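Q: A structural model of the following input is requested.
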Amino acid sequence: MVSVDIRPPDLALVPHWDALVARAGGNVFMHPAALCAAAAAGFAKIHVLRAWEGDKLVGLWGLGERRAAPFLPKFLASPPYEYAFVANPVIDPEYDVMPAFFDAIAREPTLPKVIQLKLLDGEAATYRAAVTALGAREGQMLKTSERVRPFLGAESERKRSGSTAKKLRQDWNRLSALGAVEIANGRAADGVRASLEVFLTMEAQSWKGANGTALLCQEDDAAFARRLIGDLADRGGASVALLRVDGKPIAAQVLLYSGPMAYTWKTAFDAEFAKFSPGALLIDKVTDALFAAGIAQFESCSPEGSFMEQLWTGRRSTVDMLVDVGARKSAAFMLAAASEHAYAWARAKRNQLRALSWPLPRRKISLSRGLEPARRGSAWRAAVLPY
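A: Model prediction:
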């Protein structure tokens, strides 16, 4: 009999998590260390649903609690925090966990019953289990978006011939003419932390720093990244690959790991070397090494239209949904649905404005303290534009 408890994030759960991932596959964004890092950064109030069969953990799902605007009801959300790119729970396939998860939410009087699910892997078994469980409840369910994202499920899904492969070879050869080119992707925790600082500096000096979207532009975002990567690296779950020319880093790729899956979380490169496509070269070479080391799949953490599409032919479905697990139809669900439609409209208008390529004001960057003035608006985004 599966039982579910609901607790705050807790690092003491890591041994149970490791055993679960060995049986079920994983989602690194649900790792207890990641949930603890997000909670410590104040990104969201996070509830961790833990499913047990006796003393064996058979399911885990982190959900954030937030509201779209001060005057609207609260709702639950997954991914539970910013900078997470997969919403699916982690479930032992031998157990019927999703109905127990939804029952636990419905029974808990302190929790909202409306759940905003974004960035669901629509081809994962956990997605099908969720849809089946929701259908059995006869609750309200609204699919708000479905699209594809780059995903590398096998070596055969890499573009190893044609114009893309030819350009990668040419760029590598041209870069090699400048000096000794090397790839470093060490997994020792202290080295990962040092390489993360290289990445953070490189990102802040890029267009993301100029636009105010680099991690160093906001102190709590940078603190979250340092804790997330450091704590995962302590457990073998993160690395930062560097592409160097004569010892100088010109591209950095932050990688996360869960079971046989690698996640290409964040990328940065030196704009002076942009004509050599250093980010694509680094991904291509690191993929070679990780496949050889036993990694079986790569999650791009990237939207449709990213440069990953130029490197990989593999695609997977991404689904956004809004569901209500309450016993009856609720006004909260209708308000949340209206908020979703308003958000979609605002995002479309934002993208139209971005397409105009208006110059953005530059702000001074301090690599130790971030942008001045510092506030980039994480809390505002969570309150006004639910992701």
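
Q: quick one, phi/psi of Thr313?
A: Dihedral pair for Thr313: phi -90, psi -20, per degrees, to the nearest 10.

Q: excluding its backbone neighbours, what's nearest it?
A: Leaving aside its sequence neighbours, Thr313 sits nearest to Glu157 (C-beta to C-beta, 6 or more residues apart in numbering; 4.9 Å). Bear in mind the C-beta positions are built from the backbone N, C-alpha and C, glycine included.

Q: the one you found against Arg316, yeah?
A: No: counting by C-beta atoms under 8 Å, Glu157 sits too far from Arg316 to count as a contact (10.7 Å).

Q: let me see the contact set for Phe29.
A: 62, 79, 84-86 (C-beta atoms under 8 Å, 6 or more residues apart in numbering).

Q: what's the closest of those residues to Ala37?
A: Closest approach to Ala37 among the contacts of Phe29 (C-beta to C-beta): Ala84, at 10.5 Å.

Q: enumerate every residue touching the closest one.
A: 29, 34, 38, 119.

Q: now do the phi/psi pair for it.
A: phi -100, psi 140.

Q: could you count how many residues lie near the closest residue to Gly237 other than its chain neighbours?
A: The shortest distance from Gly237 to any non-neighbouring residue, by C-beta to C-beta, 6+ apart, is to Tyr257 (5.1 Å). Tyr257 has 21 neighbours, counted by other C-beta atoms under 10 Å.

Q: now do the phi/psi pair for Tyr257.
A: Per degrees, to the nearest 10, the backbone of Tyr257 is at phi -140, psi 140.

Q: wait, it touches Ile229, no?
A: No: taking contacts as C-beta under 8 Å, Tyr257 lies outside contact range of Ile229: 11.4 Å.

Q: overlap in contacts of those two?
A: Contacts common to Tyr257 and Ile229, judged by C-beta under 8 Å, 6+ apart, are Ala238.

Q: pLDDT below threshold where in this protein?
A: Within the chain, the ranges that satisfy pLDDT under 70 run 327, 331, 337-339, 341-348, 350-352, 354-387.

Q: where exactly do the helices run in it?
A: 14-24, 32-41, 98-107, 125-137, 162-176, 189-204, 207-211, 219-234, 278-292, 308-311, 331-354, 378-384 (DSSP state H).

Q: look up how far Asp288 lies from the residue nearest to Thr313.
A: According to C-beta to C-beta, to the nearest Å, Glu157 and Asp288 sit 14 Å apart.

Q: please apply the same query to Pro79.
A: 29 Å.

Q: so those two - more neighbours on which side?
A: Comparing Pro79 with Asp288 by other C-beta under 10 Å, the one with more neighbours is Pro79, at 26 against 13.

Q: who does the nearest residue to Gln140 once chain neighbours are set aside form a beta bridge with?
A: Sequence neighbours aside, Asp324 is the residue nearest to Gln140 in space, at 4.1 Å (criterion: C-beta to C-beta, 6+ apart). Beta-bridge pairing for Asp324 (DSSP bridges): Val114, Gln140.

Q: number of residues surrounding Asp324?
A: Asp324: 25 neighbours (other C-beta under 10 Å).

Q: I'd guessed it sits against Lys113; true?
A: Yes: counting by C-beta under 8 Å, Asp324 does reach Lys113; the two are 5.7 Å apart.
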